[in-house]
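[1] my questions concern the predicted model and sequence given below.
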Protein chains: 2
Amino acid sequence: MSADLLQALAAVLPPDGLVTDPDVLEAHRHDQAGWAMAGTPRILVRPGSTAEVQAVLRVASAHRVPVVARGAGSGLSGGANAVDGCILLSLTRMNRILELDTQSLFAVVQPGVVNGSLKAAAAERGLWYAPDPASWEFSTLGGNLATNAGGLCCVKYGVTGDSVLGLEVVLADGSVVRTGGRTVKNVAGYDLTRLFIGSEGTLGIITEATLRLRPRPPRATTLVAAFPSLVAAGAAVLDIMKDTRPSLLELMDRATVRAVEKHRPMGLDADAAVLLMARSDAGGEQGVAECARMAAACEAAGSTFVIQSSDEAEGELLMGARRFAFSALEKEGTTLLDDVCVPIARLPELLAGVERIAEARRVLIGTFGHAGDGNMHPTLVFNREDPDEVARAQAAFDDILQVVLDLGGSITGEHGVGVLKRPFLERQLGSETTKLHHTLKAAMDPLGILNPGKLL
Amino acid sequence: MSADLLQALAAVLPPDGLVTDPDVLEAHRHDQAGWAMAGTPRILVRPGSTAEVQAVLRVASAHRVPVVARGAGSGLSGGANAVDGCILLSLTRMNRILELDTQSLFAVVQPGVVNGSLKAAAAERGLWYAPDPASWEFSTLGGNLATNAGGLCCVKYGVTGDSVLGLEVVLADGSVVRTGGRTVKNVAGYDLTRLFIGSEGTLGIITEATLRLRPRPPRATTLVAAFPSLVAAGAAVLDIMKDTRPSLLELMDRATVRAVEKHRPMGLDADAAVLLMARSDAGGEQGVAECARMAAACEAAGSTFVIQSSDEAEGELLMGARRFAFSALEKEGTTLLDDVCVPIARLPELLAGVERIAEARRVLIGTFGHAGDGNMHPTLVFNREDPDEVARAQAAFDDILQVVLDLGGSITGEHGVGVLKRPFLERQLGSETTKLHHTLKAAMDPLGILNPGKLL
């Protein structure tokens, strides 16, 4: 069977499109998700065109072999992890920007284009591709689409899906559909674009995307504020979101601030319960005025320290602590980066819940993330050589998700379900909504060959 | 059979939830779409709760009777038109705002709430529900969701779907699913929220929605500019969209301007090829500065006349012509309001195409709409007593859709497919994508009872 499969794939792909070298397979079998299970792939294929992706899926259907699509492998939930015996389908060779329309403000890209490459190509023409997952320098747009990746700009400019006009997708049987189009408004038929976005390769494989470009926002004004309590910081977040339109509103808790200070002393207030970072890109005087309103909100909420800057270099310096947050925590041990989302008024309860869990389970948890969206990344730090500590970290991870569900939140805001959150999905969705997921999956992938065991 | 059905429905609904009066049925059997076909309903039901909607759908499934959901009946594509023998399901009694969370910035509403009522309730609390279809004063949120309604604010704040966090939906078999949630970011499972939005009652019936609220934008600065040619106006639109973030960017062509001037003389330039209206809500000095940049773009593109105002009353006066556009055209004869969308760089070609068609088919066509989104409403005006003119209008309608498809556009930007555009959908989607629509429809509504003959 394996020889048959190899032969069938060799017949439809160029020689360098097929890889069986065990070392290469090993390097490609998982993404960046800490302890998500990964299987052993049978083969790695690297198609160079939509037609080759179609051919691979026809072979996979004929042989009933699972297909797992992947880009840069920078995912954080195991969504791109291999399953045993699968065809790993790497889209990194499909890495061309096919069109960049500076008048109608869209780009047509292949899935293997790195997010940062599109950003750079747009910037060269005075335009902006907004979505900015933390991985933007190395993650591919295909992966961004498959997970509906978020980032820092979402609080004002939305998630990846909010910048997508249309897709080309190869279905399980090898047929090709085109969804959406090149217009910003389009209600001709069902919103299949959004159905594929965030579906983690379980419904089809995206082979082309038409993405929205925007004018570059004006230079931002940056603010950093320290708070003595979770409740005070939470009040500031609500006030800022109700009254202004920050282009960024980030948060770091005490554990994260201390890790940052330990590994890169920046004079941060290590006693603060929370550090908030906010930006306004309203531009000029309006940006300064909006930032001043945010500062006033922080002070009214009880901030012990507020600093503002309209200078770009200084603003980047202020943001440095936030950008270093995850790296700082990584220096403390093995990390497991969680990703949860709550209604913004529940942020203090979420943070308090995480602190409580850290104490009860005796695990270091640093929490940082996108306060304006209620989207937090509690990061568990543990010694992977200590089985007891690993077990306590696992328990803490489960505890956090339960707290999130109790607060009316989502078990994943921007990283996806993948393998990591799969056991928790039905708890969030309920049985009827889960059933509908299975109905759609069965209708669109009747043989169940597309990334089985992920998401659902 | 009919008596059986009536009896089954009477068993699950209160007496005033069932209407069989032929006059009432007649008044409810169609929406506002000009010449879309409408059938004769068997009965009108008016459930007051999700449980009653479920009960109706269980009865409908058992009897295999079609169900057509409707709100205010203000749709423009016949999506809510009755089909012969159907149960018309009016959601107007489910008209409560269940929750208005001023901290986490969302509202939970029933589908029968009028858009304007939510706007007013939000405004009372200093907040804003952004979506503003022209029908906002009387259309219901359920209808806005079913069609993914657009409006004037979309150019900056997106369509209805961009303000939806979650839904409760009753499926064809009477089961209830909940999609999304209360958080602004959420990638737990497939994006079923968006699948239902714009599905025109063919996949399920929305019984509750969690909608996003925003801070109220600052007071707007308004601009009106006249252009001697379509190309000049088109250049101004591109320049404005590339360089600024208008909160509104509307257009009226010569035929529309002349109709407005005829019925409500406002001193508009009746020789101008195009009138553009734009707004900035960047606020304060920044709003004035952004508006000045838009004015400069208009002048650089060859505008013959530009006027700006930061005064709210004066701004509304300037917008008056645009708001009166459709009414003015209606005074010229029977109208058929079309709704098409093209990439913004193709706007001059679209407008030229419509002018050419008007001439060739000898039909008055006034075009106005949302220039910043490329979303136009060519409005055919004809004498419905003249069969030849009706035939020419029908031919012109078809011609316009072909021009739109040739320009890479969409046959509907915000009104939906309904009955009106159904014959054109596959031409836009292609056969494979159409097939996928049918696959999903069959999976989710295997008996085909939900709004049959619409959209697909």
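    Now that the structure is in, tell me what you want to look at. Only a predicted model underlies this, so the values are computations on that prediction, with no experimental measurement involved.
[2] can you give me the end-to-end span of stretch A:94-108?
    In stretch A:94-108, first residue to last residue: 12 Å (Cα to Cα, to the nearest Å).
[3] give me the mean pLDDT for that stretch.
    Per-residue pLDDT over stretch A:94-108 has a mean of 98.
[4] burial measure for A:Gln286, as a count.
    23 (other Cβ atoms under 10 Å in any protein chain shown). Every residue, glycine included, has its C-beta placed from N, CA and C.
[5] equivalent analysis for the one 3 residues further on, please.
    The criterion is other Cβ under 10 Å. On that basis, A:Ala289 has 17 neighbouring residues.
[6] cool, A:Ala188 as well?
    25.
[7] now swap in A:Gln110 and tell me
    Residues near A:Gln110, counting by other Cβ under 10 Å: 24.
[8] tell me the contacts of it?
    A:Leu91, A:Met94, A:Asn95, A:Arg96, A:Ile97, A:Leu98, A:Gly142, A:Thr207, A:Glu208 (Cβ atoms under 8 Å, 6 or more residues apart in numbering or on different chains).
[9] ok, A:His370 next?
    Counting by Cβ under 8 Å, 6+ apart, A:His370 touches A:Gly150, A:Gly151, A:Leu152, A:Cys154, A:Val155, A:Leu249, A:Glu250, A:Leu251, A:Met376, A:Gly413, B:Lys185.
[10] of those residues, buried ones?
    Among the contacts of A:His370, those classed as buried by 16 or more other Cβ atoms under 10 Å in any protein chain shown are A:Gly150, A:Gly151, A:Leu152, A:Cys154, A:Val155, A:Leu249, A:Glu250, A:Leu251, A:Met376, A:Gly413, B:Lys185.
[11] skip the chain neighbours and tell me the closest residue to the third one.
    Spatial nearest neighbour of A:Leu152, excluding adjacent residues (Cβ to Cβ, 6 or more residues apart in numbering or on different chains): A:Leu248 at 5.0 Å.
[12] quick check on that neighbour: phi, psi?
    Dihedral angles of A:Leu248 (phi, psi; degrees, to the nearest 10) stand at phi -170, psi 140.
[13] okay, and the beta partners of it?
    Note on A:Leu248: beta-bridge partners by DSSP bridges are A:Arg279.
[14] burial count for it?
    25.
[15] was I right to think it contacts A:Cys291?
    No - assessed by Cβ atoms under 8 Å, A:Leu248 is found out of contact with A:Cys291, at 11.2 Å.
[16] now for the two: what residues contact both?
    A:Ala278, A:Arg279.
[17] in the stretch 1-150 of chain A, which ranges drop under the pLDDT threshold?
    A:1 (pLDDT under 70).
[18] just the helices in it please.
    Using DSSP state H, counting those that start in this stretch, the helices of the stretch 1-150 of chain A run over A:2-10, A:22-28, A:50-63, A:115-124, A:141-147.
[19] now, of these, which is deepest in the fold?
    helix A:141-147 (a mean of 30; mean count of other Cβ atoms under 10 Å in any protein chain shown).
[20] give me the helices and strands touching it, please.
    Counting contacts by 3 or more Cβ pairs under 8 Å, 6 or more residues apart in numbering or on different chains; DSSP states H and E, helix A:141-147 packs against strand A:67-70, helix A:115-124, strand A:205-212.
[21] can you rerun that using 6 Å?
    On a contact count with 3 or more Cβ pairs under 6 Å, 6 or more residues apart in numbering or on different chains; DSSP states H and E, helix A:141-147 meets strand A:205-212.
[22] can the strand it packs on be found next to chain B?
    No - looking at strand A:205-212 against chain B by Cβ under 6 Å from any Cβ of the partner chain, there are no contacts, and the closest approach is 9.8 Å.
[23] following that strand in sequence, what is the next regular element?
    Using DSSP states H and E, the next helix or strand after strand A:205-212 towards the C-terminus is strand A:214-215.
[24] next one: that next one to chain centre, how far?
    When C-alpha coordinates are averaged (Cα atoms, centre = their mean, to the nearest Å), strand A:214-215 and its chain have centres 22 Å apart.
[25] returning to what we had before: what would the contacts of A:His370 look like in a markdown table with secondary structure?
    Below are the contacts of A:His370 laid out as a markdown table (DSSP: H, G, I helix; E, B strand; the rest coil):
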| residue | secondary structure |
| --- | --- |
| A:Gly150 | coil |
| A:Gly151 | coil |
| A:Leu152 | coil |
| A:Cys154 | helix |
| A:Val155 | helix |
| A:Leu249 | strand |
| A:Glu250 | strand |
| A:Leu251 | strand |
| A:Met376 | strand |
| A:Gly413 | coil |
| B:Lys185 | coil |
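[26] using JSON lines, lay out those together with distance to B:Ala60.
    Formatted as JSON lines, the contacts of A:His370 follow (distance: Cβ to Cβ, whole Å):
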{"residue": "A:Gly150", "distance to B:Ala60": "40"}
{"residue": "A:Gly151", "distance to B:Ala60": "44"}
{"residue": "A:Leu152", "distance to B:Ala60": "47"}
{"residue": "A:Cys154", "distance to B:Ala60": "40"}
{"residue": "A:Val155", "distance to B:Ala60": "43"}
{"residue": "A:Leu249", "distance to B:Ala60": "47"}
{"residue": "A:Glu250", "distance to B:Ala60": "50"}
{"residue": "A:Leu251", "distance to B:Ala60": "49"}
{"residue": "A:Met376", "distance to B:Ala60": "44"}
{"residue": "A:Gly413", "distance to B:Ala60": "37"}
{"residue": "B:Lys185", "distance to B:Ala60": "36"}
